[in-house]
Each structure stands twice: as structure tokens, then as C-alpha cells.
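In: No sequence on hand, only this structure:
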């Protein structure tokens, strides 16, 4: 169903482009003039032919059919002029109508060529919705793309990359990911017009990488990341945005930009090195859990309603016995304070007054941003709440069968 909707959406978008091009190129005037020539020649051929002895054009319909067949150079030969005057009308139609129709067809054909050129240069306007926007480029970008194309949550979403790679590099990526919905926007992602071309307002996720595409130096990457995330959150504050930083000192700038997740490169290298030294093999375990190519990996899944209010130990046992998965902790998402949280359950005059005053202030005092609390290996008597998610080490058997615990 989603594919049909996407196909219809693309088809309507393409027809709209044709209509806009026809209007921009003043083709309606040419098409109108072509129709006028067809009509006049039809009337003329009918006038001279319909009473001729050996005429094959007897009606106005025959005349119009002959005119269309002639101007499109199809030439069936079933209707032909038999009089000298009729043949002269045919000459007028051939030299005028064919030229006008050629202008129309050539202009429409140029639309296809322009579209392909724009796609190749990354100048198109993205029309997709719920897509993933990857801003910038470095060696981590392809790893992120691989995860998106494998994860059940994102493998059907269109991936739009925004950077300044060369045309050859983009062509290489297109051929590599030709099985997926993969699109490219050329430009500097810190500029709002470039993000608007990527349709960032309708995106579902955005990633900002430490960008080294084009001539951008790695030393300036954090500065560009901060500007890019600020631009994204200004245009599309509800798009979940994750950013990569090189220096932890710049983390505060991204927090001010209200970025949802910040990943600092090499932040835990010291701990990993120490662990690998003291506990050989531990780093391989961590790598295996993060890899999408391994038998087991870390996942965050929903907890079915029937476990809300029950003990953590019951969920541990259930996941282990039924799905060969290991529950290692609970992730709790707490939403920010909302207006409804301070109003009473009954709608009173005071509630209406408070609500009206907040609306009149035209300021956003309440935030939809979620606060995340991680509780690794809690006690077995921990009571599960409706805002909890399970952090598990899942097996491939679980992933192939039931993706979400909601369905189990």
C-alpha cells in the first residue's frame, strides 16, 4: 500500500512539473495555436472534399481525423484529399501544424532531460516524507547507511544525503545502493535553502556528521556541525536529530541547539583500551553487540501493556524462555511538562482561564522533548511503567519472527 501511495505521489508530482513547465514556457499558446490550425484545416478539407466524387473525407469527423493523422506524421492513408484545393489545405497543414507540434513535443522531452541532469547534480527538490537526511560525509557515513538499510524501522525509508561530494563519488554510491531509495542533494547543509531542498520539514530523522566533503577541513567540522544542527532545529524542531562531534568541548553548543542525541567520536576509547587490557576479549563483545552482521545485537523494543505494573523479573524470564533474548535493562522516556499536567481533570473556569492566558502569551513554555533515563540490570522487583522500553540482546530468530514485543 505504501508503494502504491509513493508511486501515485511521484506520478502526481511529475504531472505537476509538466504542467508548470508548459505554463512557464508559454506552451499553452503554442498548443492553442496548433489546435486552431488543426480546426481550420479540418473545416477547409471538409468544405472542399465532402461533395467530391471519389472523396474519402465525407464528415467533419473524417476531416479532423485526417488532420490529426497528418500533423502527427502517422499517415494511415485511409483518409486522403482527392481535390486540388484539398491537397493545398494538406500542404498548409504539413508546413504549419507539424512545426507547431514539434515545439510542444520537444519542450516536454526537454523536461525529462532537465530532470535527469538535476538528479545527477543533486539540484532536485525532494518530495518524500518520513525520510532520513544525512548531512555531511566521512568514513562513518556508509556504516550509518548500512544500518538504515538493514533495520526494520528504517529500511523502507528514503535516504537523502546532503553534502558536497563530486558527481563521480555520488554516482558510485547510487550504483552501490540502487536497491534502496537513495537520493542526493548537493550543497552546504548549514544553509537553510539547501535543507529546504532536502525537505527537512517532512523528514523523520536527521544525522549531522563531521563533514569532510568538498574542500571542508576536519578542523572546522564541529563548527559546521553546530551551525547545521541549529539550522535543522530552527526549520524543523520536531525532526529527531543526532550529531557527531569531534571534541567534547563543543557538546554544550549542540545542547543549546536542542539536538536529541550527541555522539562524541573517540569519547570512550580510553575505557575500551583499559578494559581490553584488563579483560581481554571484552572489546570484541561490545563490537559484536553493536554490529548488524552478528548473530546477537543490542536492541530497544516496546514492552507489551500486559507487563505494565508487573515485576522486571517476570519480563526477564518471559523474553529468555520464549524468544531466546536477554533483557539487560530498562530505558524510560519522560516527556517534558505539558499544559495538561498542571490542569485539573475537570474542565473548570480556572482551567479555561489558565489555558487562555498561555495561548495569548504566544510563547512555548512547554516542551515535547523527552528525557531518557537508563536503568541497567535493575532489581527483579522493579515495577515496569508505561513509559518503559526494554533493552535486550536479541537473536536473529527473534528479529525474523516478532520484531516488536507488542506483537508477542
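Out: Arrived safely. Remember, predicted model here, so these are calculated numbers, not experimental data.

In: Only C-alpha atoms from now on, for both contacts and neighbour counts.
Out: Will do.

In: Can you check which strand is longest in this structure?
Out: Ranked by residue count, the top strand of the chain under DSSP state E comes out as strand 326-335.

In: Other residues contacting it?
Out: 315-316, 319-320, 367-378, 387-394 (Cα atoms under 8 Å, 6 or more residues apart in numbering).

In: Of these, grab the buried ones for PyMOL.
Out: Burial among the contacts of strand 326-335 is assessed by 16 or more other Cα atoms under 10 Å; the matching PyMOL selection reads:
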select buried, resi 315+316+319+369+388+389+390+391+392+393+394
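
In: Just the ones of the contacts of strand 326-335 in helices?
Out: Under the assignment DSSP state H, those contribute 315-316, 319-320 to helices.

In: Among those, which one sits closest to residue 118?
Out: Ranked by distance to residue 118 (Cα to Cα), the ones in helices among the contacts of strand 326-335 are led by residue 319 at 50.2 Å.

In: Can you get me a residue count around the residue lying closest to the closest one once chain neighbours are set aside?
Out: Nearest residue to residue 319, sequence neighbours excluded (Cα to Cα, 6 or more residues apart in numbering): residue 325, at 5.4 Å. Residue 325 has 22 neighbours, counted by other Cα atoms under 10 Å.

In: ok, residue 82 - contacts?
Out: For residue 82, the contacting residues are 49, 52, 54-56, by Cα under 8 Å, 6+ apart.

In: which SS class is the residue lying farthest from the centre of the chain?
Out: Largest separation from the mean C-alpha position in the chain: residue 53, at 65.9 Å (Cα atoms, centre = their mean). Three-state assignment for residue 53 (DSSP: H, G, I helix; E, B strand; the rest coil): coil.

In: Could you measure from it over to residue 81?
Out: Computed as Cα to Cα, to the nearest Å, the residue 53 to residue 81 distance reads 11 Å.

In: do residue 143 as well
Out: In terms of Cα to Cα, residue 143 sits 70 Å off from residue 81.

In: Residue 114 too?
Out: Going from residue 114 to residue 81 by Cα to Cα gives 41 Å.

In: For the two, indicate the residue with more neighbours.
Out: Using other Cα under 10 Å, the more surrounded residue of residue 114 and residue 81 is residue 81, with 24 against 12.

In: coming back round to it: was I right to think the residue nearest to residue 319 contacts residue 315?
Out: No: using Cα atoms under 8 Å, residue 325 is not in contact with residue 315; the gap is 10.6 Å.

In: coming back round to it: which members of the contacts of strand 326-335 occur in strands, if any?
Out: Those of these mapping onto strands are 370-376, 388-394, per DSSP E.

In: Rounded mean pLDDT for the helix or strand in which residue 93 is found, please.
Out: Assigning secondary structure by DSSP states H and E places residue 93 in helix 84-121. Mean pLDDT, computed over helix 84-121, is 80.

In: Buried ones in that helix, by neighbour count?
Out: Neighbour counts over helix 84-121 (16+ other Cα under 10 Å) mark 86-87, 89-90, 93-94, 97-98, 100-101, 104, 108, 111, 120 as buried.

In: now stretch 280-298
Out: Across stretch 280-298, burial judged by 16+ other Cα under 10 Å covers 283, 288-289, 292, 296-298.

In: what does stretch 164-171 give?
Out: Buried positions in stretch 164-171, judged by neighbour count with 16+ other Cα under 10 Å: 164-165, 170.

In: what do you get for stretch 51-67?
Out: Residues of stretch 51-67 classed as buried under the neighbour-count rule (16+ other Cα under 10 Å) are 55-60, 62-67.

In: Which elements pack onto the helix holding residue 93?
Out: Counting by 3 or more Cα pairs under 8 Å, 6 or more residues apart in numbering; DSSP states H and E, the packing neighbours recorded for helix 84-121 are helix 2-24, helix 27-49, helix 60-71, helix 167-176, strand 182-186.

In: Need the winner for burial among those.
Out: Counting by mean count of other Cα atoms under 10 Å, strand 182-186 has the highest mean neighbour count of the helices and strands packed on helix 84-121, with a mean of 24.

In: who does it pair up with?
Out: Sheet partners assigned to strand 182-186 using DSSP bridges are listed as strand 159-163 (parallel).

In: what comes into contact with the partner strand?
Out: Contacts of strand 159-163 (Cα under 8 Å, 6+ apart): 131-137, 145, 181-189, 198, 211, 213-214.

In: Of the residues you listed, keep whichever come out buried.
Out: Among the contacts of strand 159-163, those scoring as buried are 131-137, 145, 182-189, 198, 211, 213 (criterion: 16+ other Cα under 10 Å).

In: Low-confidence stretches in this structure?
Out: Scanning the chain for pLDDT under 70 picks out 1-11, 13-15, 17-26, 335-348, 350, 355, 357-370, 396-408.

In: Give me the distance between the residue most central in space within it and residue 206.
Out: Centroid check for the chain by Cα atoms, centre = their mean gives residue 131 as the closest residue, at 2.6 Å. If you measure residue 131 against residue 206 using Cα to Cα, the figure is 9 Å.

In: Over to residue 157?
Out: 12 Å.

In: Common neighbours of those two, please.
Out: Shared contacts of residue 157 and residue 206, defined by Cα under 8 Å, 6+ apart, comprise residue 132.

In: for the nearest residue to residue 44 once chain neighbours are set aside, what are its contacts?
Out: Residue nearest to residue 44 in three dimensions, not counting chain neighbours: residue 89, with 6.7 Å by Cα to Cα, 6+ apart. Shown in contact with residue 89 (Cα under 8 Å, 6+ apart): 41, 44-45.

In: Next, format those as JSON lines and append distance to residue 153.
Out: Formatted as JSON lines, those follow (distance: Cα to Cα, whole Å):
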{"residue": "41", "distance to residue 153": "61"}
{"residue": "44", "distance to residue 153": "65"}
{"residue": "45", "distance to residue 153": "65"}
